Structure formats: C-alpha cells, structure tokens
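Enquirer: When you get a sec, could you give me coordinates for this:
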Amino acid sequence: MEHVERADLLPVALQGQGYRTVFAIDERRFSNIDESFGFDEVIGPKAGALDFVLQGINDNPLSNLLLQTPLGGYLFPYSYMNVASYTNYSSSAFVNHIISSSRTSQPLFLAVHFESAHFPFKTRHAQARVERENGFLGKHLEALTVVDGQIASLLDGLKKNGVLDNALVILLSDHGEGLGEVEASVLRDGQPFSVRGYGHGADVLSDHENRILLATVEFRDGKPVSKAGLNRQQVSLLDIRRTVENYVRDGKVDLQAGSPCIMVETGIRLDTTQDYRTLDETKVAAQAASYYEIDQQGRLRLREDRLPELLATKDIGWRCADRITWYEPAGNRYLAYRLDEHGLPTDQLQPEEDDIARIQAYRDRYLKK
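Expert: Numbering: from 1, shown residues only. Below you'll find the predicted structure:
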C-alpha cells in the first residue's frame, strides 16, 4: 500500500493537532495498516505472511499456555492477540493492552477493530450458546457475544482512565454479512429471483451484505449524554471523517449524509470465496497465490500488475434511498431496482441514463488507477 497518500489521512491530521493516535486490530492477515498511516502505536499480532502458516504449529499445550501471558507476545508474535489463532487467542488480553495504551495526557484518537465476529466465527470465548436452524447464523450470534463483552470491558477501562470524561464514541461494522437468509423475492428479467447469499462484498443488491451498524454516542464525565434514537437516512462510511473533524473543531456531534446517493461496489472476487458453504482454505490459497506477493517486510500484499484484472470484475453501482443501479461485468450490462423504506429491492427498473453515466465515469477512473 505504498501508493496510498499518507498526508491526507485522518490520523495524520489529528497527530498534527496534538492527538495521540492508536490503532488496534486482532487479525492482520489482510490488514497492512501500520504506524506510517499516522498512528503512534499499533496493537495486535505481527503482520506477515508467516501468520498463515504458524497458527497450526503453535496450537499445542505449551504455546497455548504461554500465549495467555505477555511473554507469548515475544515468543510467538504472529499468534499473540490473534483471532485467527482461535484456540489460544485471549479476548481479555487484547482489550487490556488497548486500555493500557489509552493512558495519556494528550487527547486520544483510538480506532479498534474486533475480529471475533468475522467468518469463520470460531471462538472459545462465546458467552452464550445459540441454536438456530441456520447454523451459520447461530455461530455468528455466538461470536458476537464475544465482541459485545469486549466492548463492555473496553468502555469500562476507558472510563476508569478518564478517556470518557469528554469523548465521542463511534460504533460501526465495516461490512454486513450474508448468512443464507432470503432477503427478498423479486423478478429479474421476468423470472423469479431470490436475494440471498453467504458472505460479504459479493452482491451490491444484498442488504444483509452491505448494511452496517453505525452509532454515535457522546460521553461527558464518563456517562453517555446523547439521546437514544434511530436515524434511517442513508450515510456512507466516508461521512464519518467529517463527523470526527467537526467534533474535534467545535465539540458538536452531527452525523449527516454528505450526498443523497453513494457509490457502492463489490469486493475483489475469487471464485473460491463466494460461498461459505463450499469454502475450502486450501483451494482459496491456491487461487489467491498468483494474485499476492510478499513485500520486503514479509507482509502479504496484492500484486500491482494483477490489480486491473481484479478491479475489472467488480460490480460498481450508484445507490440512492429509493433505487440502486449497477454495472455487472459478468453479464456486461446495467441493472436497476427500486428500494423500499428498509432498503430492500422490490421492482426491477430500467436504469436511468444519469446513473449509468456516473457509474461509467467512476469505473473508468477506477480502472486507470
């Protein structure tokens, strides 16, 4: 990610205003964010290709015991505080490390990414057993109890450190999750079509894969002062930066949509990752091998020469509150649907020319990068 312009990043801007900036993440296989992105400290397992091969080796009684102690961080840096090493991951150690790093006399910008609720939903820290006919949904709900407990512990620790005496807390998920539930039954080209999937980033029409939890809470003297409420306006993760900057500038909390419509797109597509039901880690590794390389720091990254090929397969769309239009490379065509008040598709539409023009212009810029 050397091509990413660091000077315009939010953490860099906040550092310039005297903030201590900390980033914490407990699974780094596909996250190479480091201190160069404007963070004074990065908490989590060591990033690198060895993360993919050491977890099975480190799953033995002695290493499992050591990984519950700070010494394990020195002996097994790729496994310590690593959700991918779920047999010895310590959910409390990760939170405690974050709390320790929050002790500062400076104003604090803290970004934390909890990964226990991510597929494959494997954890030994579930605080409840959830039985569902849909096994994926049950496991996902169990894994969410881990994150729920971690957030509670983190907020308690931040309160004791005085961080919540005057603070804005933003809670969000970085993507949704399709777990095989039928979201909507519509017509596509006159034929019955069910919107359902397993995963995320694969279908711009799926509300389950794309809708996220996003909440803001203002704290004063360690207590929340924001009024509870539900806002159904469509906002983008890109609107969060403006919200943070406004709060830093004048202390006001106001999360508003920067635009009534937003660009949406699928993730990078590998055939072997499209369906949780048939996902085989060996096959995924085999297909992904030609698209990745190891950099000079031992970290896995996408090969720059293969990016145009991968980007060309992404669905790219224009989503408004009442409709979504997108380009589908697989069929070389544009599709559009009307959306109801809950964001679910109802009727297939004829794509509007203005929407097509926006998508085409965005895609052209995308592929030229």
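Enquirer: Count the neighbours of the residue nearest to D221 when sequence neighbours are not counted for me.
Expert: Counting by C-beta to C-beta, 6 or more residues apart in numbering, D221 lies nearest to D165, which is 5.7 Å off, once chain neighbours are set aside. Every residue, glycine included, has its C-beta placed from N, CA and C. Using other C-beta atoms under 10 Å, D165 has 13 neighbouring residues.
Enquirer: Output the longest helix belonging to this structure.
Expert: The helix that spans the most residues within the chain, counting by DSSP state H, is helix 135-160.
Enquirer: After the helix or strand of the chain with the lowest mean pLDDT, heading C-terminal, what element do we hit next?
Expert: One helix or strand of the chain scores below all others by mean pLDDT, DSSP states H and E: helix 51-54, with a mean of 66. From helix 51-54 onward toward the C-terminus, using DSSP states H and E, the following helix or strand is helix 61-66.
Enquirer: does the residue positioned nearest the centre of the chain sit in a helix, a strand or a coil?
Expert: The residue lying closest to the centre of the chain (C-alpha atoms, centre = their mean) is D174, at 2.9 Å. Three-state assignment for D174 (DSSP: H, G, I helix; E, B strand; the rest coil): coil.
Enquirer: pLDDT at it, what is it?
Expert: Looking at D174, its pLDDT stands at 87.
Enquirer: got it, and the one 4 residues further on?
Expert: pLDDT, the model's per-residue confidence, is 93 for G178.
Enquirer: show me where pLDDT drops low in the stretch 51-200 of the chain?
Expert: Judged by pLDDT under 70, the stretch 51-200 of the chain has its weakly predicted residues at 51-55.
Enquirer: residues in contact with the residue nearest to the centre of the chain?
Expert: D174 makes contacts with H113, I212, L237, as judged by C-beta atoms under 8 Å, 6 or more residues apart in numbering.
Enquirer: Now stretch 187-207: buried residues?
Expert: Buried positions in stretch 187-207, judged by neighbour count with 16 or more other C-beta atoms under 10 Å: 195-207.
Enquirer: would you say T216 is within a strand?
Expert: Yes: under three-state DSSP, T216 falls within a strand.
Enquirer: follow-up on the earlier one: tell me the one of the contacts of D174 nearest A228?
Expert: Distance to A228 across these (C-beta to C-beta) is lowest for I212, with 18.8 Å.
Enquirer: Which residue lies closest in space to the closest one, excluding its sequence neighbours?
Expert: S173 (4.4 Å).
Enquirer: Next, the one you found: phi, psi?
Expert: Dihedral pair for S173: phi -110, psi 150, per degrees, to the nearest 10.
Enquirer: neighbours around it, how many?
Expert: 16.
Enquirer: Contacts only, for R211.
Expert: Per C-beta under 8 Å, 6+ apart, neighbours of R211: G176, G343.
Enquirer: redo that, cut-off 6 Å
Expert: R211 makes contact with G176, according to C-beta atoms under 6 Å, 6 or more residues apart in numbering.
Enquirer: Next: L230.
Expert: For L230, no contacting residues are found, by C-beta under 6 Å, 6+ apart.
Enquirer: Which strand or helix spans it?
Expert: Of the helices and strands defined by DSSP H and E, none includes L230.
Enquirer: Provide the backbone phi and psi angles at it.
Expert: The phi/psi pair for L230 (degrees, to the nearest 10) reads phi -120, psi 130.
Enquirer: Could I get the full set of helices for this structure?
Expert: With DSSP H, the ranges of helices along the chain come out as 10-15, 51-54, 61-66, 70-75, 91-101, 135-160, 207-210, 239-250, 281-288, 307-311, 353-368.
Enquirer: mind listing which of the contacts of D174 are in strands?
Expert: Among the contacts of D174, the residues falling in strands (DSSP state E) are H113.
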